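A.B. asks: give the three-dimensional model of this entry:
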Amino acid sequence: MKKTTHNLKGCRCPEGSDIRFCLGVIIKNKYRNKKTTNAGIEFHSEAESARYDELLLLEKGGEIDCITLQPKFLLQGSFKDRNGKTHRKIEYIADFKYRDIRYNHPVVEDVKPSSNFSTEVYKIKKKLFLKKYGEKYIFLETY
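C.D. replies: Next up is the predicted model:
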């Protein structure tokens, strides 16, 4: 998020403070997750960080390998419509991708805070992902 600094007269904030801080506005993550750092990697939530630890243990135990963080999947390429307007590509970014050694099959995983937490955009992207990549990947939602 871009920092908006200010120099308001009479303000008691340190010079160059973020104006949202000065005005007392609390800025929160849109999903209300608390970002956390684990092993020098920033995760979008504590649940995602904890799952990463679990995956590392599974990798150490020889059950999975090839862990990838934040893999991107193209759902639809960019295009120009008949009026010449360019539409941007649509991507799905999962939390993890890895290979299940036991079944020799790639897995894509998304960590959710609870089973009833899904935005409408997520639901649409999940359907598009399953349509395009469902035969190639096992898709898991972890809660």
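A.B. asks: could you list the single helix or strand in the protein with the lowest mean pLDDT?
C.D. replies: helix 19-22 (a mean of 53; mean pLDDT, DSSP states H and E).
A.B. asks: which strands and helices sit next to the following helix or strand past that helix?
C.D. replies: Next helix or strand after helix 19-22 toward the C-terminus (DSSP states H and E): strand 36-38. Using 3 or more CB pairs under 8 Å, 6 or more residues apart in numbering; DSSP states H and E as the contact criterion, the elements in contact with strand 36-38 are strand 41-43, helix 46-60. Quick note: C-beta positions are derived from backbone N, CA and C, even for glycine.
A.B. asks: roughly how far is strand 36-38 from the heart of the chain?
C.D. replies: 14 Å (CA atoms, centre = their mean, to the nearest Å).
A.B. asks: what of stretch 90-101?
C.D. replies: Counting by CA atoms, centre = their mean, stretch 90-101 comes out at 10 Å from the chain centroid.
A.B. asks: low-confidence stretches in this protein?
C.D. replies: In the predicted model, the chain carries pLDDT under 70 at residues 1-33.
A.B. asks: mind redoing it with 80?
C.D. replies: 1-34, 113-117 (pLDDT under 80).
A.B. asks: any idea how far E109 lies from D81?
C.D. replies: As judged by CB to CB, to the nearest Å, E109 and D81 stand 34 Å apart.
A.B. asks: who has more neighbours out of these two?
C.D. replies: E109 (20 against 8; other CB atoms under 10 Å).
A.B. asks: give me the sheet partners of the one helix or strand the more buried one maps to and which way each runs.
C.D. replies: Applying DSSP H and E as the criterion places E109 in strand 105-111. When pairing is defined by DSSP bridges, strand 105-111 lines up against strand 96-100 (antiparallel), strand 138-142 (parallel).
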